[in-house]
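J.: Sequence plus predicted model, see below.
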Amino acid sequence: MTTVPLPYRLVGRRRETADTVTLDLEPAGEPLQPFAPGQFAMVYAFGVGEIPVSVSGTAGDQRLRHTIRAVGAVSRSLCALPTGASVGVRGPFGTSWNVTDARGHDVLVIAGGIGLAPLRSLIDAVLAEPHAYGQLNVLAGARTPDDLLYQDEFPAWRQPFGAVTVDRPTGGWTGRVGVVTTLLDEAHFRPAHTTAFVCGPEVMIRATARELIHRGVRADRVRVSLERNMRCATGHCGHCQLGPLLLCRDGPVVGYDLAQPLLTVREL
């Protein structure tokens, strides 16, 4: 783990939605240590500040891919950078999805909105070793069709089993409409032999985890990413505290058996 930002250069950018872009970063010198799926980096926009951003994929051991939504000063600055610009990156930080522990299990990947970004590298890891896992299911929900990430990649994810749904069917949308948990009726998984990976708004995480447990998936086999209020990545500022957890250090990925009693406490 590197706590001092190292220089990276923006070598590729792709617009995902009206306010979200995917950036490919390449080390301008010494590279960071490899990231595991689910971990995050602190990405620094020179002269503006830094924010925690999950790693959405890698190209080999050195290039990093980050999908960022422009919602604040730093994220807007990063999203506006031109190809060739320099940024600072430090990490890796946090817990991973621990995808190897799911070997031999059916895999459920369930995302809401921008929550698909932290799950993308997990999907890549499972697809890289298809015979090591059971059935892969990728279920994604978004507010509107225009808010769906990685639309050009989803056809490949449909081959195991993939489905998307939206809350509001704008623009002539003819696909599924409704919350993401409605897709579970069509997914192919054995509850007693399934590991689920869930990321999205907390209300979506709670509803999805409850439904999975109701269907027979063990709570400790439901892994959730709680990426809220992280700032320093070193467990010192306290902004990401959730009960006894400092999510930048003890998370962001935790088992729902640990998260459940904390997420049910009002204003915790």
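T.: On my side now, so go ahead.

J.: Can you list the neighbours in contact with stretch 167-184?
T.: For stretch 167-184, the external contacting residues (CB atoms under 8 Å, 6 or more residues apart in numbering) are 110-112, 139-146, 163-166, 200, 204, 207-208, 211-212, 215. (Each C-beta comes from the backbone N, C-alpha and C, glycine too.)

J.: among those, which ones are buried?
T.: 110-112, 139-142, 145, 163-166, 200, 204, 207-208, 211-212 (16 or more other CB atoms under 10 Å).

J.: Spatially, what comes nearest to the most centrally placed residue in the chain if we skip its sequence neighbours?
T.: In the chain, the residue lying closest to the centroid (CA atoms, centre = their mean) is Pro118, at 1.6 Å. Closest residue to Pro118 apart from its sequence neighbours, by CB to CB, 6 or more residues apart in numbering: Ser54 at 3.7 Å.

J.: Need phi/psi at the closest residue to Val265 other than its chain neighbours.
T.: Closest residue to Val265 apart from its sequence neighbours, by CB to CB, 6+ apart: Gly243 at 7.2 Å. With angles defined as degrees, to the nearest 10, Gly243 sits at phi 60, psi -120.

J.: Domain-wise, how is this structure divided?
T.: Domain ranges of the chain: 2-93, 99-263, per automatic domain parsing.

J.: what about the last one, start to end distance?
T.: In other words, domain 99-263. 24 Å (CA to CA, to the nearest Å).

J.: how far out from the middle of the chain is it?
T.: Centroid separation between domain 99-263 and its chain, computed with CA atoms, centre = their mean, to the nearest Å, is 8 Å.

J.: next structured bit after the helix or strand bottoming out on mean pLDDT in the chain?
T.: Least confident helix or strand of the chain, by mean pLDDT, DSSP states H and E, is strand 57-59 with a mean of 75. Moving toward the C-terminus from strand 57-59, the next helix or strand (DSSP states H and E) is strand 63-69.

J.: just checking, what packs against that next one?
T.: strand 2-17, strand 20-27, strand 40-45, strand 49-54, strand 57-59, helix 73-79, helix 116-128 (3 or more CB pairs under 8 Å, 6 or more residues apart in numbering; DSSP states H and E).

J.: Trp157 and Val53, how far apart?
T.: Distance check for Trp157 against Val53: by CB to CB, to the nearest Å, it reads 22 Å.

J.: Mind checking which of the two has more residues around it?
T.: Per other CB atoms under 10 Å, whichever of Trp157 and Val53 has more neighbours is Val53, with 25 against 21.

J.: and the more buried one, what does it touch?
T.: Shown in contact with Val53 (CB under 8 Å, 6+ apart): Phe40, Ala41, Met42, Val43, His66, Ile68.

J.: what do you get if the cut-off is 7 Å, keeping everything else the same?
T.: Val53 makes contact with Phe40, Ala41, Val43, His66, Ile68 under the criterion CB atoms under 7 Å, 6 or more residues apart in numbering.

J.: Rebuild those residues as TSV, extending it with distance to His105, pLDDT and neighbour count.
T.: Listed next are these as TSV, based on distance: CB to CB, whole Å; pLDDT from 0 to 100; neighbours: other CB atoms under 10 Å:
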residue	distance to His105	pLDDT	neighbour count
Phe40	24	95	27
Ala41	28	95	27
Val43	32	97	25
His66	28	97	23
Ile68	31	97	25
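
J.: circling back to that earlier point, I'd guessed the residue nearest to the centre of the chain sits against Val224; true?
T.: No: using CB atoms under 7 Å, Pro118 makes no contact with Val224, being 10.5 Å away.

J.: Now do the residue of the chain positioned farthest from its centre against Leu258, distance only.
T.: In the chain, the greatest distance from the average C-alpha position (CA atoms, centre = their mean) is reached by Gly172, at 28.0 Å. Noted for Gly172: a distance of 43 Å to Leu258, by CB to CB.

J.: just Asn137 next, same as before
T.: Asn137 is 24 Å from Leu258, by CB to CB.
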